[in-house]
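Asks: this one's structure only:
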Ligand code: AMP
């Protein structure tokens, strides 16, 4: 992760990173397997990629800006990454301030030996800790919040590395799934609330850790289990596995947005198929916000499973009324609004033959700034749609994420500025509705949101952040709270 996030950056429109991590211990082709695993996690980060391998005592690394296939484009690169242990990281975009020094895994020579760390998540008191560390003499090499963990380990008074690691993590707040390497072991860990995902798999004698199960599928490994919230799993080079639980047993709060958008639909998350949850969100949406229409059309790819669920529940035929070009990256990461607008057009095109003269229900997973919805509604009208009813498979995104999902600053979130009727007018839809937060929880298998004790982090929808937000509070004292209308039809 990077310090240049919206609440700390004077420009305010810097996007934060999202990330995917993968690690394997106990196979001769560790680096190549890591590249394959990262390729399956590419949707979690497209800006930069790095792999660190370990051959006995020596660490080797290769990193670069770009996609996995671009940065790891030849076999010779893997000749330079020997060893039976490797870990890697893909990172999402920041619009500035990134660069090679921030590409993970980060590596340091500590008193106890070499140490590498790959991090998915965001530390919400990183600036605070960094100031303290710098005042005591720490010299930072990057602008990454992850480096704070390295300095906390380096300055811990405990003699053993694992104790230093735990000591460091006790000072950190926010979200972290980590894969670390030392000369004799791989250490994987999830923050006490398990905000970001991390799973464990096996292939032969090798043990694998990855952000999502899809990475296990792609390398041919079997899924063993999730790393539990607050758990530290230590795998030694001789194959011994030890689990530690130094943070007690707080109630987990995994990110619900992983189900809505972020994870691949072919992954399992919290024991559930992401695809299936998305379809169920569509079913809930159809029950809560029916529409008189001729066709259900998904905004590809993110709206497809929910649109299937909506169509099945409503009995309205599902059609591919928008065709997506697969040669354009995610629209979200473009630096300026102008570039983002142009990109929506390059990415999606109306299937006029299907749409002309039809009343359509358009399904997407979320509205963030509203740029995509506005363009797509217009595209449907230009293609001759008689009516456009927009349905969104998540509640209004009214709050920024401080835990590693890329959202703009709050003032740029459409739902933080407007109620649902005004949003409908803004995107020029004939009607607009969002699934309710209870509907979303029903789709993940619950009877609704337990307000006293929510089972997930849903701060982007509810404004209820499950940890302190020290950096944010120190910067402008805003708690981030705002009550919003949820799930109304405009
Ligand atoms: P916007 O155009 O700003 O309203 O963005 C909404 C679109 O971006 C939706 O179609 C989502 O599929 C996608 N999206 C939502 N959240 C994110 C995110 N955190 N990172 C990348 N894309 C996102």
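Replies: Right, received. Where do you want to start? Everything quoted here is computed from the prediction, not taken from an experiment. Numbers count the residues shown, from 1 in each chain.

Asks: For the helix or strand hosting residue 78, buried residues please.
Replies: When elements are defined using DSSP states H and E, residue 78 is found to belong to helix 75-79. For helix 75-79, the buried set under the neighbour-count rule, 16 or more other Cβ atoms under 10 Å, comprises 77, 78. Backbone N, C-alpha and C define where each C-beta goes, glycine included.

Asks: Can you pull out the residues in contact with that helix?
Replies: If you take Cβ atoms under 8 Å, 6 or more residues apart in numbering as the criterion, helix 75-79 is touched by 29, 31, 32, 35, 62, 72.

Asks: If I look at the closest residue to residue 277 other than its chain neighbours, what pLDDT would I see?
Replies: With Cβ to Cβ, 6 or more residues apart in numbering as the measure, residue 259 is the residue that lies nearest to residue 277, at 4.7 Å, once sequence neighbours are left out. Confidence per residue is given as pLDDT, and for residue 259 that number is 98.

Asks: Next: residue 23.
Replies: Reading off the confidence values, residue 23 has pLDDT 98.

Asks: swap in the one 5 residues further on?
Replies: The confidence metric pLDDT takes the value 96 at residue 28.

Asks: Going forward, the N-terminal residue is numbered 46.
Replies: Happy to do that; since the first residue is 46 now, the last one works out to residue 73.

Asks: burial of it, as a residue count?
Replies: Residues contacting residue 73 under the criterion other Cβ atoms under 10 Å number 10.

Asks: Which of the helices or strands spans it?
Replies: No secondary structure element spans residue 73, as it lies outside all helices and strands (assigned by DSSP H and E).

Asks: Excluding covalently adjacent residues, which one is nearest to it?
Replies: residue 129 (5.9 Å).

Asks: if I pick that neighbour, what's in contact with it?
Replies: Counted by Cβ under 8 Å, 6+ apart, residue 129 has contacts 70, 71, 72, 73, 75, 99, 100, 251, 282.

Asks: Could you rerun that using 10 Å?
Replies: Taking Cβ atoms under 10 Å, 6 or more residues apart in numbering as the definition of contact, the neighbours of residue 129 are 69-76, 98-101, 250-251, 282.

Asks: Where does pLDDT dip in the stretch 46-195 of the chain?
Replies: 46-62, 138-143 (pLDDT under 70).

Asks: Of all residues in it, which one is closest to the ligand?
Replies: Nearest residue of the stretch 46-195 of the chain to the ligand: residue 63, at 6.5 Å (Cβ to the nearest ligand atom).

Asks: Could I get the full set of helices for the stretch 146-295 of the chain?
Replies: For the stretch 146-295 of the chain, the helices defined by DSSP state H, counting those that start in this stretch occupy 171-180, 191-200, 206-216, 258-264.

Asks: And the strands in the stretch 346-495 of the chain?
Replies: Residue ranges of the strands in the stretch 346-495 of the chain, as given by DSSP state E, counting those that start in this stretch, are 367-369, 393-395, 404-409, 432-437, 476-479.

Asks: Quick one: closest of those to the ligand.
Replies: Checking the strands of the stretch 346-495 of the chain against the ligand by Cβ to the nearest ligand atom gives strand 404-409 as the closest, at 4.7 Å.

Asks: just how off-centre is the closest one within its chain?
Replies: Centroid separation for strand 404-409 versus its chain: 26 Å, with Cα atoms, centre = their mean, to the nearest Å.

Asks: Who are the packing partners of it?
Replies: Packed against strand 404-409 by the contact rule (3 or more Cβ pairs under 10 Å, 6 or more residues apart in numbering; DSSP states H and E) you find helix 319-333, strand 340-343, helix 349-359, helix 416-427, strand 432-437, strand 476-479.

Asks: which one of the ones you listed lies closest to residue 399?
Replies: Proximity of those to residue 399 was assessed by Cβ to Cβ; the nearest stretch is strand 340-343, lying at 7.0 Å.

Asks: buried ones in that closest one?
Replies: By neighbour count with 16+ other Cβ under 10 Å, strand 340-343 contains the buried residues 340, 341, 342, 343.

Asks: For those, which two are the farthest from each other?
Replies: By the measure Cβ to Cβ, those have their two most distant members at 340 and 343, which lie 10.5 Å apart.

Asks: Now the common contact residues for these two.
Replies: Shared contacts of residue 340 and residue 343, defined by Cβ under 10 Å, 6+ apart, are found at 352, 356, 363, 364, 365, 366, 406, 407.

Asks: May I ask you to confirm that the third one is in contact with residue 408?
Replies: So that's residue 363. Yes: look at residue 363 against residue 408 with Cβ atoms under 10 Å: they come within range, at 9.4 Å.

Asks: No further questions, thank you.
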